[in-house]
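1. sequence and predicted structure below; questions after.
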Amino acid sequence: MRQAIYLLPLVLFLLLAGTIGWFMTKNEIEDRDTQALPSVLIDQPAPQFDLPPLAGIAPGLARADLGGRPALVNFFASWCLPCRAEHPILMALAEEGAVAIYGVNYKDPEADARDWLEALGNRYERIGIDATGRTAIEWGVYGVPETFVIDAKGRVRYRHVGPVLERDMERTIRPLLAEIGG
Amino acid sequence: MIAEIGHYALVLAFILAAVQSTVPLWGAARGDRRLTAVAAPAALLQLLLVGIAFLALMQAYIASDFSLANVAANSHSAKPLLYKITGVWANHEGSMVLWVLILALFGAAVAGLGGNLPETLRARVLAIQGMIGTGFLAFILFTSNPFLRVFPPPLDGAGLNPLLQDPGLAFHPPMLYLGYVGFSMAFSFAIAALIEGRVDPAWARWVRPWTLAAWSFLTLGIALGSWWAYYELGWGGWWFWDPVENASFMPWLAGTALLHSAIVVEKRGALKAWTVLLAILAFSLSLMGTFLVRSGVLTSVHAFATDPQRGLFILVLLALTIGGSLALFALRAPRLKGGGVFAPISREGALVLNNLLLTTATLTVFVGTLYPLVLDALGGGKISVGPPYFEATFVPLMIPTLIAVAIGPMLAWKRGDLRTALARLRLAMGAVLIVALGTLALADADTALAALGTGLAAWLIAGAAVEWADRVRLFRMPLAGFLARARHLPRAAWGMTLAHAGLGLLVAGITGSSAWQTERIQVMQPGDAVELAGYEVTLVSVGEADGPNYTAERAQFRVESGGRLVTTLAPEKRFYPVEGRQTTEAAIHTTLLADLYAVIGEADGQGGWTTRIYHNPLVPWIWAGCLVMVAGGAVSLTDRRHRVGAPARPRPSPTPATA
C-alpha cells in the first residue's frame, strides 16, 4: 500500500499525457476550421436570464429581448485578449444594422468594461452584466469569448467558441444569418 | 566556412553527449573507475564544442551572413549591434543552441567543481546531464538546425520582430534559460540519487545551491519579462496570466517549493522522496515551459516555431523524460530511507505546509493554463479563463502561504511552539495592524482587499525584520556584541531575510497596482490637458522622430502638479519598415512610490490622438521586490557552507548501493 503512493505521480502523468495525445491525434483527422462545439442548446429556446445594464453605455439584456429578428449574443470581458481581436469584426457587422448584436459582459469590474468599450468603441445594442458568471453557466459557456447565433424565434442556432475572426464571419456566421434572416 | 565549423562542432557535441550519457553510467554500475572517469572530461569538452557552435552562430549574426537561412529570416543589416547579438537567441533555432550551451555550462560546473562528490554520484549526474544534452542536440540537428545555408543568399534579412528589439527582452531569454536549465542540475542529482538508492545530507548540500542559483536566475528572468510587458505592450499592466507567463511561473513555484524542502533534507534528513519528486517536477515544468513557448501551441510573439514535426519531437522528448523519471521514481523512491521524525508544529512542519500550498498553487496555474489549450486542441477555439480564474484559485492559496512565511522561521526544528513563535512576532503583528488600519482609513475603493494586501506585505517585511533582529539580538546586548553577531550571522540567514522581505515588497506592489491604478483614455489635441491622481497632463505636441531602423511619432506631454512642472513624458509609436510592424513605447515617470505612464495611440485624422495615461501606485515595488529576492538568493549563495571545499565532508565509503 505504501508502495502504491510512489506510483501516483507516474499514473497521473500517463493519464494527462494520454488525454493530450488523444486530443492531438483526434484533431488531425477532423476539420478544424469549424470552431463549433456541440451545445445542448442548439435549436432550443435560449435560457432565461435578466441582466442589469452597463450604465451610460447600453441598456441591459434579458431573455425577453431575444427574438423578433436574428441576433448574436457575444460573451466578452475586458481582461480577455481574444475578445480584443474579435471586437472590430463584431462591431463592423453591427454597423451594417441587419443583425442585433448583444453583449454579455462576463466577470468584469464595471469600470473596466466601460473603459474598454470607450477605448475600442461600442456597437452592442444591449449589454448585460454577468458579474457572477451565473448566466454564462446557464448558456454552457466554457470561457470568453463565445458567441451564439439566435434566430427570430429566440432559438439558439449556433455556438462559436473563441474569437469570431474574418474567416468565421464569412464562412459560417454570415451564411447562417442569411439563412435565418430570410 | 565558420558556419560549417559551428555545424560540425554541434554534430561532435551530439556524439560526445551520447558517449557521456552511457559510458559513465555503465562504469558506475560495474564499479569501473576507468569508465566513470570519462564523465568529467566529456562534460568539459561538451562545453567547448557547444561554445564553438554558439560563437559561430553569433559571428554569422554580427557579420550579417545572410547565406544562413536562420540569419536571413531573423536579422537585418540595419539592426543595431546589440540586437544583432541578442538576435541569436530571439529565434527558435538560436534559442535552442543557447539552451544547450547553458546545459553544457552546468555540466562543466559539476565536472570542474564536483571534485568532492562521490565518484559514482558524479558520474551518474553527468550521465543524466548527457542524456538531456543528447535529446536537445538531436532536436537541434534534426529539426531546428541554425546552420543551414540558403542559395542564392538574399540581399538583406527579413528583420527581427520589433517587439523583441528591446533591452528588457534581449536579456530575458538567457536569464530564463539559466533558470530552466539550472533545474536540470536538481533533476540530474535526483535521478542519480534514485539510481544510487540514497539521498544523504551531502546530496542536499550540493543540490541546494544549484537550485538556489537556478531559482534566482528564473526570478530575474520572469521579472525582466514582466517589466518588458509593462512598458512595451502599453496596456499599463505587468502580468496577464498569459500561458507564456504561466509557463515560466510554474517552474518558479515548483522550484520555490524544492528550495525549501531541500533545506529539510539537508538539516534533518527527512522528506527525501518528496524532494526528489519536486526536483523532477520543477525540471519537467521547465521542459514544458520550453515546449509551450517553442512548439507554436501559443500563437503570440513567443511562438517562433510552427512546424508540427518539431512539436512532435519535443512532445516525445518530454514524454520520455518525464515518464521515464517518474517510472524510476515509482520503482526506487520507496527505498529512500526517511530520516528525522518531527511534530506537525515545527520548522519541518511549516516547510511541509509551504510545500503543500506551493504545489497546489502550481497545480491551479497548470489547470488554468492547460484547460484552454486542451479545449483549443479539441477544436474549441482559443478562449481565456483569464484573471477571474486565477484570482479565485491562486490568490486564496497565497494568503495562508504568505502568513506562514513569517511564522516558519520562528519555529524550532523537530518540535516547535506556535504560541512562543507568535509572541516573538507581536511587533510584526503591530505593524500589520497599523498598516491595514491605515489603508482602510486612507483609501476609498476596494478597501478590504487592499488592506489585506498591505497587511500581508507589512507582515512579511516586519516578520523578516523581527526574525533578523532576534538572531542578532538587536537592542538586547551592547552594540559591539550586536555587530559581531550580525557579522557572524550565516549568509544563508541574511539571504532568507532579504528574500522574505523582497516578497513583502512584491506583495505591496501587486496590491498597490491592482487596487489603486487609475487610467484616462481619451482623444487629445495639442494643448488639451487631463487630470489624473493630482497631476495635470498636457499634450504639448506630436512630432516625427527617427531611430536607426524605425520611424516614430513622438508625443510630448507636460506633467504639472499644483502648477509646478514635474517632468515631460515622450511616448512613441514606432513603425519598423523592414518588418512592417508597429510598436508602442510607453513613457514612464517614476517617483519610486508610483509610476505615471503615458502611451500614444492612433491619430483620429482631425488633429487629435488617442492617448492613455495611467497612474500606477507602488508598481516600482514589484521590480524592487524581485531584485531584493534575487539579492537574497545571491547572498545566500556566498554562504561559506556552499563554498567548494568548505567543511570537509566525511567521505562516505564507496559502496555501490545498487549492487
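-> Ah, there it is.
2. any idea which element the spatially most central residue of chain B lies in?
-> Among the residues of chain B, residue B:218 comes closest to the average C-alpha position under CA atoms, centre = their mean, at 2.2 Å. Per DSSP states H and E: residue B:218 is located in helix B:201-232.
3. could you give me the average pLDDT of that helix?
-> If you average the pLDDT over helix B:201-232, you get 89.
4. contacts only, for residue B:121.
-> Residue B:121 makes contacts with B:189, B:192-193, B:196, B:203, as judged by CB atoms under 8 Å, 6 or more residues apart in numbering or on different chains. For the C-beta atoms, the positions are set from N, CA and C on the backbone; glycine is no exception.
5. any chance of the residues you listed in JSON lines, plus secondary structure?
-> Output for the contacts of residue B:121, formatted as JSON lines (DSSP: H, G, I helix; E, B strand; the rest coil):
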{"residue": "B:189", "secondary structure": "helix"}
{"residue": "B:192", "secondary structure": "helix"}
{"residue": "B:193", "secondary structure": "helix"}
{"residue": "B:196", "secondary structure": "helix"}
{"residue": "B:203", "secondary structure": "helix"}
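6. which residues does the residue nearest to the centre of chain B contact?
-> By CB under 8 Å, 6+ apart, the contact set of residue B:218 is B:175-176, B:178-180, B:182, B:248, B:251-252, B:255.
7. kindly report the same for residue A:105.
-> By CB under 8 Å, 6+ apart, the contact set of residue A:105 is A:54, A:76-77, A:113, A:127-130.
8. ok so residue B:597 is a strand residue?
-> Yes - with three-state DSSP as the criterion, residue B:597 is assigned to a strand.
9. that one and residue B:235 touch, don't they?
-> No - between residue B:597 and residue B:235 there is no contact, the gap being 9.8 Å when judged by CB atoms under 8 Å.
10. so between those two, which is more surrounded?
-> A direct count of neighbours by other CB atoms under 10 Å in any protein chain shown for residue B:597 and residue B:235 places residue B:597 higher, at 25 against 18.
11. partners of the more buried one in the sheet?
-> Residue B:597 has the following beta-bridge partners by DSSP bridges: residue B:588, residue B:614.
12. distance-wise, check it relative to chain A.
-> Look at residue B:597 and chain A: by CB to the nearest CB, to the nearest Å, they are 15 Å apart.
13. for the helix holding residue B:218, buried residues please.
-> In terms of neighbour count (16 or more other CB atoms under 10 Å in any protein chain shown), helix B:201-232 has its buried residues at B:202-232.
14. strands of the chain, residue ranges please.
-> Looking at chain A here, since you left the chain open. For chain A, the strands defined by DSSP state E occupy A:50-51, A:61-62, A:71-76, A:100-106, A:126-130, A:146-150, A:156-161.
15. actually it's chain B I care about, not the one you picked
-> Using DSSP E, strands in chain B cover B:518-524, B:529-532, B:535-546, B:551-561, B:564-569, B:572-576, B:581-585, B:587-590, B:594-603, B:609-617.
16. pick out the residue closest to the middle of chain A.
-> Centroid check for chain A by CA atoms, centre = their mean gives residue A:146 as the closest residue, at 1.2 Å.
17. helix or strand with the lowest mean pLDDT in chain A?
-> helix A:4-29 (a mean of 76; mean pLDDT, DSSP states H and E).
18. now the residue in chain A that chain B sits nearest to. Its backbone dihedrals?
-> Nearest residue of chain A to chain B: residue A:162, at 2.1 Å (CB to the nearest CB). Dihedral angles of residue A:162 (phi, psi; degrees, to the nearest 10) stand at phi 90, psi 180.
19. I figured it hits residue A:145, correct?
-> Yes - in this structure, residue A:162 is within contact of residue A:145 by CB under 8 Å, at 6.7 Å.
20. just to revisit the earlier point, just flag the most distant two among the contacts of residue B:121.
-> Using CB to CB, the two most remote members of the contacts of residue B:121 are B:189 and B:196, lying 10.1 Å apart.
21. these two: who's more crowded?
-> Just comparing residue B:189 and residue B:196: by other CB under 10 Å the higher neighbour count belongs to residue B:189, 27 against 22.
22. what sits against the nearest residue to the more buried one once chain neighbours are set aside?
-> Nearest non-adjacent residue to residue B:189, counting by CB to CB, 6 or more residues apart in numbering or on different chains: residue B:207, 4.9 Å away. Listed by CB under 8 Å, 6+ apart, the contact set of residue B:207 reads B:185-186, B:189-190, B:262, B:265, B:275, B:279.
23. same list (these) but as TSV, adding pLDDT.
-> Putting the contacts of residue B:207 into TSV (pLDDT from 0 to 100) gives the following:
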residue	pLDDT
B:185	93
B:186	94
B:189	94
B:190	95
B:262	89
B:265	88
B:275	92
B:279	95
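24. before we move on, the earlier item: beta-bridge partners for the residue nearest to the centre of chain A, please?
-> Assessed by DSSP bridges, residue A:146 has beta-bridge partners residue A:75, residue A:161.
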